[in-house]
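Enquirer: What shape does this take:
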Amino acid sequence: MPDDAPSDGYTLEFLHDPESFLLAAEDLLAREPVLGSVIASVSVRASRELAEGHDAWAEVGAPFRRWWVVVRDRTGRAVSAAMRTAPFRPHPTFALPMPEEAARLLATALHERGELLGGANGALPGAEVLARETARLWGGEMTVAKGSRLWEAVSVEVPTAPEGRLRQATRDDAELVLGWYTAFHVEADEQAGRAPDPASGEHATTDGVLSRISEGVEWLWELPDGTVAHLSGASLPAFGVSRIGPVYTPKAHRGRGIASHVVGELTRRGLDAGHRMCLFTDTDNPTSNKIYAALGYRPVVDMAEHLVSVPAGA
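Expert: Numbering: from 1, shown residues only. Okay, the predicted model is just below:
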């Protein structure tokens, strides 16, 4: 299949190099930096890794080349983008808001080249259309794994600090941070009333955690006795946007206002530095949605994670 797949209204420009994608999608990501925060930050990190001589994707063992795609309208203007770079199975795509026609075009393009898309995440309704059309083309079924909501804060009310201090994670904290990444996703499922799936959510490895720690994006709340009681991430800005997450407090330390204060404080620091600040919540978790709304976050767009299952041999 050619790298560019045309339709009556849209063209798909497939790219396999993160730097090439960032150049091709620059105008789009600059226009919609909050909506594009995930794609931008993942792509910037991948580009930086390659420049440093490390290709993390080579260690994944996926049966396809990772790719990015820019959706252009008939004038050539970039109107959406998606990527398939998730290192965890079923290697779902992540997409910006995408016209339904373009989403169907992408599903068809992948089907024609024999690339089974096992999941499609991102902004609605485009991500759902992509997953549903993929299931139709392969004779399978689509299910919604979970919903999420993107929020942005233009101002913030930082709650009073509980006892303790905020500090950056160090290499000595790597094992703790890695364990809490897994616990975060399992307990998020429990809080939303879903059966816990340890394999869901963001794929975390020791190398990945050490990389994030070296970037200075992992923050811990330490109690006066030295006990670490909370983890929050705040990504390096990409196109002027920093994203908070994950946010995790072990059960034994909840109810003290630690998470609210830390997220509020990290948000304040980001805004003071001139960054736009965003985060994601699980739409089935009313507690987190209420907490972040109280801090000053406002909804931007609803998203969802979709799974596609097909009959054996399809």
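Enquirer: which non-adjacent residue is nearest residue 150?
Expert: Nearest residue to residue 150, sequence neighbours excluded (Cβ to Cβ, 6 or more residues apart in numbering): residue 300, at 4.4 Å. For every residue, glycine as well, the C-beta is placed using N, CA and C.
Enquirer: Show me what the helix or strand where that neighbour lies is packed up against.
Expert: Using DSSP states H and E, the element containing residue 300 is strand 297-309. Where contact means 3 or more Cβ pairs under 8 Å, 6 or more residues apart in numbering; DSSP states H and E, strand 297-309 is packed against strand 119-123, helix 126-138, strand 141-153, strand 276-282.
Enquirer: tell me the mean pLDDT for that strand?
Expert: Taken as a whole, strand 297-309 carries a mean pLDDT of 97.
Enquirer: cool, stretch 272-287 as well?
Expert: Taken as a whole, stretch 272-287 carries a mean pLDDT of 95.
Enquirer: Likewise for stretch 147-154?
Expert: 96.
Enquirer: Using CSV, write out every CA atom in it.
Expert: Coordinates of each C-alpha in stretch 147-154 appear next as CSV, following Å, rounded to 0.1, in the frame of the first residue of the first chain:
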residue,chain,number,x,y,z
GLY,A,147,-13.9,6.0,29.1
SER,A,148,-11.7,8.9,29.9
ARG,A,149,-11.9,12.7,30.0
LEU,A,150,-9.3,15.3,29.1
TRP,A,151,-9.3,18.4,31.4
GLU,A,152,-7.4,21.7,31.3
ALA,A,153,-6.7,24.2,34.1
VAL,A,154,-6.4,27.8,33.2
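Enquirer: mind listing what's buried in it?
Expert: For stretch 147-154, a neighbour-count test (16 or more other Cβ atoms under 10 Å) marks 148-153 as buried.
Enquirer: need the residues you listed in CSV with distance to residue 118, can you?
Expert: Listed next are these as CSV, based on distance: Cβ to Cβ, whole Å:
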residue, distance to residue 118
148, 18
149, 24
150, 23
151, 28
152, 30
153, 34
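Enquirer: Next up, phi/psi of the residue located most distally from the centre of the chain, please.
Expert: Relative to the mean C-alpha coordinate of the chain, counting by Cα atoms, centre = their mean, the farthest residue is residue 225 (34.1 Å). For residue 225, the backbone dihedrals are phi -90, psi 10 (criterion: degrees, to the nearest 10).
Enquirer: ok, and the closest non-adjacent residue to the most centrally placed residue in the chain?
Expert: Centre of the chain computed as the mean C-alpha position; nearest residue by Cα atoms, centre = their mean is residue 38, 4.7 Å away. The shortest distance from residue 38 to any non-neighbouring residue, by Cβ to Cβ, 6+ apart, is to residue 94 (5.8 Å).
Enquirer: Which residues does the one you found form beta bridges with?
Expert: residue 83, residue 121 (DSSP bridges).
Enquirer: How about residue 167?
Expert: With DSSP bridges as the rule, residue 167 is bridged to residue 220.
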